[in-house]
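> I would like to see how this sequence folds:
(one chain, ligands or ions: 1)
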Amino acid sequence: MNSVLNSERVVRTFVEYFEQLDHRRITGSSLLPPPGDSVLFTTSGMHPLTPHLEGRPHPLGRRLVNVQRCLRTTDLEEVGDNTHLTVFEMLGTWSLGDYTGSHSLRWGHGLLVDGFGIDPGLLYATVFGGDERSGPDVESLRTWQEIGVPVELTGEENWWSNGPTGPCGPDSEIFVWTGEGPPRSTPTRDARWVEVWNHVMMRHRCGEDGTLDSLPQRNVDTGLGLERLVAVLQGKTSVFDTDLFEPWMRTVPPLWDLDLRSLRLICDHLRSGIVVVGDGVLPSNTGRGYVLRRLVRRVLTSLWRADPSRTIGDLPEELFGHTLDHFGQQGPSGRIRDVLLDEERRFTQLLERGRRVLSRPRFCGPLGEDDFDYLHDTHGLPRDLVLGLRADLHG
Ligand code: SER
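Below is the predicted model of the structure:
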């Protein structure tokens with residue numbers, strides 16, 4: 001494997017490979033989905049393209065490539081392990097009713113092996129094996145057999161949808177062996193098989209009642225998580241050890257003495273906080289602003305566990321500038337820093353108020369629902385915070 005590929009080269013190699021195959025690059029949209037979309041944040045590369053997967057022509061044609069930043073908070077508790085991040089980048093390609101899934105898999109394999117130098121003997125694919133709604137994905141199975149990549153057939157793990165309704169279809173995931181020695185077992189049985197690329201044969205639409213209709217065109221939607229791919233290519237066990245997090249991992253440990261999991265959580269959430277504010281969101285008690293608020297509060301809770309004098313203000317300007325640059329966002333970084341510091345001040349005040357209120361005799365015993373309601377409605381103290389403060393106050 002090529003250990004000198006830095007993340008910028010990886011992105012460039014990916015985009016140019018598909019441009020040579022007549023794909024047009026679309027601008028990676030911001031984390032905020034297009035108006036009218038009900039979700040808070042873009043969670044995958046295909047998300048902003050939904051109308052075009054459903055048949056509306058795209059102004060740039062039927063073959064597209066991009067790099068899309070995404071935010072997912074569904075795996076918040078996993079952040080701190082080797083692979084999970086809240087903000088991540090998805091390298092994506094699309095055939096909007098143009099070439100077949102088989103083409104896409106062949107090109108994907110070609111890029112991994114010839115473009116990125118991955119040993120073909122370290123690859124494994126999973127393919128949808130069929131269920132009561134849809135038959136097995138025979139075309140993908142046959143393609144992998146022709147290329148010579150071993151295949152594992154699975155069930156719902158290989159059915160991709162972006163939500164309960166909308167475009168969906170069987171997918172084929174490509175895994176790379178990251179263990180010592182020759183590959184063993186299969187992707188669903190051994191976590192050392194790391195998923196790098198998902199190809200979705202997006203040809204169905206799922207209705208409110210769970211039934212599947214055919215979309216007007218047969219699409220292919222693929223996505224590779226950049227950070228995970230870079231970790232594999234750079235031979236790193238964790239996304240935090242790649243060049244993408246280098247400035248964070250160099251700068252934060254000397255500032256604050258943290259265990260590894262807290263260090264990773266803090267770097268991930270702060271980086272996400274910067275990107276979210278950079279995309280125009282401000283902390284608030286609802287919607288997007290609340291997601292941001294939660295990220296910042298989780299950072300501060302971890303940070304203050306050992307030393308309450310720590311502050312986001314300790315962070316060097318470099319980390320703000322580096323993050324904004326990387327995501328192609330407009331500064332000034334000083335403004336973003338002010339937003340986060342302001343949020344830190346509010347949280348400090350909220351905690352002080354919480355401690356004062358909770359030390360009243362009324363709240364020393366067990367709390368009922370009416371207590372939680374009162375604390376929330378009258379003092380702005382959410383349940384999680386109340387529970388955390390009581391644990392601190394009463395041991
Ligand atoms: N939509 C698929 C995914 O997010 C492939 O892009 O994995």
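> hey, where'd the helices end up in the chain?
In the chain, the helices defined using DSSP state H lie at 7-20, 50-53, 101-110, 138-147, 226-233, 246-255, 260-278, 287-306, 317-326, 333-358, 369-379, 383-394.
> Now do the buried residues in the lowest-mean-pLDDT helix or strand in the chain.
Taking mean pLDDT, DSSP states H and E as the measure, the helix or strand of the chain with the lowest value is helix 383-394, at a mean of 82. Neighbour counts over helix 383-394 (16 or more other C-beta atoms under 10 Å) mark 385-386, 389-390 as buried. (Glycine included, C-beta is placed from N, CA and C.)
> where in the stretch 1-150 of the chain is pLDDT low?
Within the stretch 1-150 of the chain, the ranges that satisfy pLDDT under 70 run 1-4.
> who in it is up against the ligand?
Within the stretch 1-150 of the chain, the positions adjacent to the ligand are 44-46, 92 by C-beta under 6 Å from any ligand atom.
> Kindly recompute the last result at 8 Å.
Residues of the stretch 1-150 of the chain lying near the ligand by C-beta under 8 Å from any ligand atom: 43-46, 90, 92.
> what's the closest of those residues to residue 249?
Closest approach to residue 249 among these (C-beta to C-beta): residue 90, at 22.4 Å.
> Just the ones in strands from the residues of the stretch 1-150 of the chain next to the ligand, please.
Using DSSP state E, the subset of those located in strands is 90, 92.
> any chance of the residues of the stretch 1-150 of the chain next to the ligand in JSON lines, with neighbour count too?
Listed next are those as JSON lines, based on neighbours: other C-beta atoms under 10 Å:
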{"residue": "43", "neighbour count": "19"}
{"residue": "44", "neighbour count": "18"}
{"residue": "45", "neighbour count": "28"}
{"residue": "46", "neighbour count": "24"}
{"residue": "90", "neighbour count": "23"}
{"residue": "92", "neighbour count": "25"}
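> what's the distance between the residue of the chain found nearest the ligand and residue 112?
Per C-beta to the nearest ligand atom, residue 223 is where the chain lies closest to the ligand, at 2.5 Å. When distance is defined by C-beta to C-beta, to the nearest Å, residue 223 is 14 Å away from residue 112.
> Over to residue 26?
Distance of residue 26 to residue 112, computed by C-beta to C-beta: 22 Å.
> Between these two, which has more neighbouring residues?
residue 112 (23 against 20; other C-beta atoms under 10 Å).
> Would you mind confirming that that one makes contact with residue 197?
Yes. With contacts counted by C-beta atoms under 8 Å, residue 112 reaches residue 197, the gap being 7.3 Å.
> Noted, bye for now.
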